[in-house]
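Enquirer: let me see the structure of the following:
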Amino acid sequence: MQLSKYKPFLFFLSVPYESPPNVVAASVSDTYMNITWDHPSLSPEMWNIFQGYEVYISRAGITQINVTQVNEPVNYVLIPGLEPLVTYEVSVAAFTLTGVGKKSEVIAVNTTFGKVTFK
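Expert: This is a model prediction of the structure:
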């Protein structure tokens with residue numbers, strides 16, 4: 001069997017097909033937010049090549065997106081360096097050795113002015 005002709009198909013199967021569910025801002029301040037999510041349901045084979053998550057954040061209405069890579073199997077990230085009283089849009093995707101999977105639904109998160117809020 002010639003494996004090389006099946007590489008595109010194998011590549012497709014090696015990318016997470018499910019997005020991380022339940023993305024929320026666990027705590028928010030004027031300059032940072034702590035984003036959490038649940039791990040997606042992946043096959044054991046997919047977990048064997050799992051590398052981590054990409055967290056996408058942008059100011060609402062702005063096309064420039066900043067990407068934070070989480071290179072371990074944890075389900076949270078602290079995003080510092082934000083501006084007070086700004087609405088940010090956040091989504092999360094799992095990635096493997098071969099590529100990035102489906103992004104989660106986008107959530108809108110408002111930074112505060114001065115004090116931390118917990119969800």
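Enquirer: list the contacts of the residue nearest to the spatial centre of the chain.
Expert: Centroid check for the chain by C-alpha atoms, centre = their mean gives Val92 as the closest residue, at 1.9 Å. Counting by C-beta atoms under 8 Å, 6 or more residues apart in numbering, Val92 touches 19-20, 23, 35, 37, 53-56, 103-104. The way it works is simple: take the backbone N, C-alpha and C, and place the C-beta from them, glycine included.
Enquirer: which parts of the protein are helices?
Expert: Under the criterion DSSP state H, the chain contains helices at 7-13, 44-49.
Enquirer: and those, which one is worst for confidence?
Expert: Sorting the helices of the chain by mean pLDDT places helix 7-13 lowest, at a mean of 50.
Enquirer: now the end-to-end length of stretch 33-47.
Expert: This stretch, stretch 33-47, spans 27 Å end to end (C-alpha to C-alpha, to the nearest Å).
Enquirer: got it, and stretch 15-25?
Expert: 26 Å.
Enquirer: which residues are contacting that stretch?
Expert: So stretch 15-25 is contacted by 33-42, 46, 50, 53, 75, 90-96, 98-105, 107, 109, 119 (C-beta under 8 Å, 6+ apart).
Enquirer: make a PyMOL selection of the buried ones in those.
Expert: In PyMOL, this line selects whichever of the contacts of stretch 15-25 come out buried by 16 or more other C-beta atoms under 10 Å:
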select buried, resi 33+34+35+36+37+39+40+42+46+50+53+75+90+91+92+93+94+95+96+100+101+104+107+109
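Enquirer: now, which of the contacts of stretch 15-25 lie within strands?
Expert: Per DSSP state E, strands hold the following members of the contacts of stretch 15-25: 33-36, 50, 53, 90-96, 107, 109.
Enquirer: among these, which one sits closest to Pro84?
Expert: Met33 (11.8 Å; C-beta to C-beta).
Enquirer: show me what the closest one is bridged to.
Expert: On the basis of DSSP bridges, Met33 is bridged to Val28, Ile79.
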